[in-house]
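1. Here is a sequence together with a model predicted from it:
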Amino acid sequence: MAVRRLREEAESDPDPPVTRRLRTAPSLASVIREAVMAKSIQNVCFALEPLLRRVVHEEVERGLVHLVHPPLRSPQICIEEVEPSSCLQLAFAQPLARPIFTGSRIEDTESNALQILLTDTRTGERSPRMLKIEIVVLDGDFPSRDQEHWTSNEFDSGIVKEREGKRPLLIGERTVTLRDGMAPIGELVFTDNSSWIRSRKFRLGARVFPGSYEGPRIKEALTESFTVKDHRGESYKKHYPPSLGDEVWRLEKIGKNGAFDRRLADAGIRTVQEFLKQLVINPSRLRTILGPGMSERQWERSVKHAKTCTIGEERYLYCRQPYAVIMNPICEVVGIMIDDDIMTLQQLSQHQMEDFKQLILEAYEHCNQLQKADGISFSATVSLQPSLIGSSTWYSNHQESLSSEYQNGGIFELESTNWIQTAMLDTPDQLHEGY
């Protein structure tokens, strides 16, 4: 059995015994070659180790950053989620009065305290909600490109704070409570001018007080942009409208103690009333007093501003028996009297008309000596129509001839009575048209 097994193993092994011995005992050359190759691989591993460590470190850090700070979503998606649409909007009830000075109370164009309204843009009616409102100052350039829509974040980014080391920019009642859709604002005062920001202008804004309301966004209120001037210039500001007793430099284009102010003062014109009197009696003389230094555009601005003055209801008389000319405070002729009776023009004879026109010239010459007429009212509809001489139409149609005769000291050339008939077309409601 053992002999047969050895024979079978010898027959099944294809390699001879010598070959088996050579395979199990490698040559010296092969051993050296394998040793060199192993050494080379080890050197390569040593060279690559720092590079691999750096790459692995950077990848681990990048993974940690994404894990701790996830990527932000697009701004459009954030806005849609944070600011759902709303039909409610805050608004200032009236525009602001100009100009605005530091240290002075901010008022509306009707000289009243500011008011905030909450309206429903669908119906235009006030919303009866109760809200806490904050008044803030914004840059005059907000919103950019005069767009009508902005986000809450854009509004907040437009808010202007005080300069470093200065008092709060806006002081007073900056927080109010809105009830029944309306909130009056008490005293608000700027403490600094607007010259230090790029736009050189401010706006006032009103927003729901942060953290006091939860619900759909309520759009903020915004005024027009305006300049805030230093209070030292307030003593030089113009009046809108001017009053008869105001100094003449309160009119536009006439500066206090300036060239035009001095020329008018030298001619005895120191108040707005005296300016308007001269404008009615002899506008060409008034224009000459101001001289060529005042351009036509400036002249028009001054005259237009003066005509916004409230004339009042006082009446004055210039008498030369049996006639009396009735004038208003700026020497516009508003009626005539004969023997203490108010007459219609149709009741005058041709001779009386001539006397009447001459009397007007005399009244102009003595415009500072008129008698105050107490108790004379032109509100009644008695025989005053059409006996009144409407100031604006009468002046515009016939002032040129009146002025020339006034300067020359002569009388009217009575070619016709068209000038006085044209004046009859005016009614008492037209007396102050344009003034």
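-> Alright, I've got the coordinates. Numbering: from 1, shown residues only.
2. So what's the residue count around residue 199?
-> 14 (other Cβ atoms under 10 Å). Where you see a C-beta, it was placed from the backbone N, CA and C, and this is true even at glycine.
3. what about it, distance to residue 167?
-> Counting by Cβ to Cβ, to the nearest Å, the gap from residue 199 to residue 167 is 21 Å.
4. just residue 159 next, same as before
-> 17 Å.
5. More neighbours: which of these two?
-> Taking other Cβ under 10 Å, residue 159 and residue 167 do not tie; residue 159 has more neighbours (15 against 10).
6. hey, where'd the helices end up in the stretch 101-250 of the chain?
-> 152-157 (DSSP state H, counting those that start in this stretch).
7. Where does pLDDT dip in it?
-> Applying pLDDT under 70 to the stretch 101-250 of the chain flags the ranges 146, 233-235.
8. The same query, at a cut-off of 50, please.
-> The model of the stretch 101-250 of the chain has no residue with pLDDT under 50.
9. neighbours around the nearest residue to residue 173 once chain neighbours are set aside, how many?
-> Nearest residue to residue 173, sequence neighbours excluded (Cβ to Cβ, 6 or more residues apart in numbering): residue 186, at 3.6 Å. Neighbours of residue 186 under the rule other Cβ under 10 Å: 11.
10. Can you name the residues that contact the nearest residue to residue 176 once chain neighbours are set aside?
-> Leaving aside its chain neighbours, residue 176 sits nearest to residue 183 (4.4 Å; criterion: Cβ to Cβ, 6+ apart). Listed by Cβ atoms under 8 Å, 6 or more residues apart in numbering, the contact partners of residue 183 are 115, 116, 133, 176, 177.
11. unless I'm mixing things up, residue 207 is touching residue 158, no?
-> No. Residue 207 sits out of contact with residue 158 when judged by Cβ atoms under 8 Å, with a separation of 10.9 Å.
12. can you list the domains in this protein?
-> 27-71, 88-232, 238-306, 316-430 (automatic domain parsing).
13. For the second one, measure first residue to last.
-> In this case it means domain 88-232. Start and end residues of domain 88-232 are separated by 41 Å (Cα to Cα, to the nearest Å).
14. go on, the third one?
-> Taking Cα to Cα as the measure, domain 238-306 stretches 11 Å from start to finish.
15. what ranges do the helices span in the stretch 301-435 of the chain?
-> Under DSSP H, counting those that start in this stretch, the stretch 301-435 of the chain gives helices at 350-365, 391-408, 418-423.
16. Who are the contact partners of residue 180?
-> With the criterion set at Cβ under 8 Å, 6+ apart, residue 180 makes contact with 126, 128.
17. Can you pull the phi and psi angles for it?
-> Torsion angles at residue 180 (phi, psi; degrees, to the nearest 10) stand at phi 50, psi 30.
18. Alright, I will stop here.
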